[in-house]
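> model this:
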Amino acid sequence: MNFSLGVLGGQSVLQRPRCDQRDMSSVVCIKSLRMSEEPTVSLVDVLEEDEELEEEASAVLAGSDSDHCSYPQGYVKRQALYACSTCTPKGGEAAGVCLACSYKCHEGHDLFELYTKRNFRCDCGNGKFTDLQCKLYPEKEEVNSLNKYSHNFFGVYCTCSRPYPDPDDQVEDEMIQCVVCEDWLHGRHLGCGVPDCVELQEMICESCMNRNPFLWTYAAHLAVPGAAVQVKEETGADESNANPSNKEEKGDDVIQPSCKRSREEEEPSCRLKELQIIGQKRLQSGAVFWPSGWRSKLCSCNTCQERLYGASLSFLLDESDTVLAYENKGKSSEQRQQGHDPLMSALDNLNRVQQLEIIHGYNDMKTELKDFLQTFAAEGKVVTPDDIRQFFEQQKSRKRRRDDAGPFYCT
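Have a look, this model is predicted:
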């Protein structure tokens, strides 16, 4: 699953304005901050983004715990992570913190949103933080030796090691995450064409492919064809090895040792070897895109499992490791919790008059915000930070006038 980082694409996760999904105004927060960063973008379609933004927030964040530090869980299979440049500036040691610690321990700090990473244990307050103690779980070891770090933890990405957004880059481009090294790469730096429906496919960058050459064999048979791909059949000397059984068919004088034959029958077949025998090749250049379900086609014989383990790629045999599986888990979790909305739970503890006052105020704000944005959309104008501040100032003034007029009663 790739995460496209397009302008107003609803998926600009890296360094996106952070919002607590527990706050009922999270969508307003995301939208207003985004508009302050991109004041020149037309907002004709801004009113239609609310549902999309909420779904993305659920996909990215709902799979992680926003209230409890994940450290006691050990090296979490996959979770949302952040790097704090306030506590660990560039030149220091890289460190990552979980979702809950980003809220409770690093509020107001400069954070890099790293989306999700696998097999990571929260560093918040450990030996890498000299002046900060974790408020949620202070009893941490000095270092998490199995954590893996990259330049992403210092806010730079891709082979070009540039920040996102990049103030010096005027080219509109999407960034796609490699499922192996988990770095984010610009589409134009992948060394291949980006296929259609990229959001449904996983990508392995060229560097990771070259570090694990056996993946090129799978790529020749399983990968999504791209602009930089050339597939050909082996010819010549290799052809004689393509089908060893032909030797037995051509003559009776070719005798295979019976002991070797019995051993081969006992051992499970290796899918990777079968693909190598076919001899189909692919140009070993550029990133490789893989279709949905490609992991299930990888060989899981003992030899291949050992190879994957030695290369720290065992997760490729795990379908639940995928970002898509993580996002679906987050969405399912959010749907289960819809019946236990914190706002509704709080309303249950109030009397009838207080409930009506809160609901009345919330509905007023929602209606007025919609009307406010519709005027900009109808005229094709952009919303500036000053416009947002003016809106909320007007909200405060209206609230003061309602308070002066007395409480709202239901008759």
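> Tell me where the model's unsure across the stretch 101-250 of the chain.
Filtered on pLDDT under 70, the stretch 101-250 of the chain yields the residue ranges 226-250.
> could you pull out the strands for it?
Secondary structure of the stretch 101-250 of the chain (DSSP state E, counting those that start in this stretch): strands located at 111-120, 175-177, 184-186, 202-204, 231-233.
> Indicate which one of these is closest to Gly330.
strand 111-120 (9.6 Å; Cβ to Cβ). Using the backbone N, CA and C atoms, a C-beta is placed for each residue, glycine as well.
> by contact count, what packs against that closest one?
Counting contacts by 3 or more Cβ pairs under 8 Å, 6 or more residues apart in numbering; DSSP states H and E, strand 111-120 is packed against strand 76-84.
> Which neighbours in the sheet does the strand it packs on have, and how are they oriented?
Strand 76-84 pairs in its sheet with strand 97-98 (antiparallel), strand 111-120 (antiparallel), by DSSP bridges.
> So what touches the last one?
Okay, so that is strand 111-120. Residues from elsewhere that reach strand 111-120 (Cβ atoms under 8 Å, 6 or more residues apart in numbering): 3, 13-16, 18, 60, 63, 75-86, 96, 102, 144, 146-148, 152-155, 177, 182, 315, 321, 323, 326.
> give me that answer again for 6 Å
13, 15-16, 75, 78, 80-84, 96, 102, 147, 152, 155, 182, 326 (Cβ atoms under 6 Å, 6 or more residues apart in numbering).
> follow-up on the earlier one: mind giving me TSV with the strands of the stretch 101-250 of the chain and columns for distance to Lys273 and mean neighbour count?
Listed next are the strands of the stretch 101-250 of the chain as TSV, based on distance: least, Cβ to Cβ, whole Å; neighbours: other Cβ atoms under 10 Å:
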stretch	distance to Lys273	mean neighbour count
strand 111-120	28	20
strand 175-177	31	25
strand 184-186	31	23
strand 202-204	21	24
strand 231-233	17	12
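> Any idea which of those strands gets closest to Asp131?
Asp131 sits nearest to strand 111-120 of all those, at 16.4 Å, using Cβ to Cβ.
> Using CSV, write out the CA atom coordinates for the closest one.
What follows is strand 111-120, C-alpha atoms only, in CSV (Å, rounded to 0.1, in the frame of the first residue of the first chain):
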residue,chain,number,x,y,z
LEU,A,111,7.5,16.8,15.2
PHE,A,112,8.1,14.8,11.9
GLU,A,113,5.2,12.5,11.2
LEU,A,114,6.7,9.3,9.9
TYR,A,115,3.4,7.6,9.1
THR,A,116,3.9,3.9,10.2
LYS,A,117,6.9,1.7,10.7
ARG,A,118,7.3,-1.9,11.7
ASN,A,119,8.9,-3.6,14.7
PHE,A,120,9.6,-0.4,16.6
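> follow-up on the earlier one: just send the strands paired with strand 76-84 back as CSV, with distance to Ala311 too.
Shown next, in CSV, are those (distance: least, Cβ to Cβ, whole Å):
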stretch, distance to Ala311
strand 97-98, 27
strand 111-120, 14
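> Only the buried residues of stretch 285-305, if you could.
For stretch 285-305, a neighbour-count test (16 or more other Cβ atoms under 10 Å) marks Gly286, Ala287, Val288, Phe289, Trp290, Trp294, Arg295, Leu298, Cys299, Cys304 as buried.
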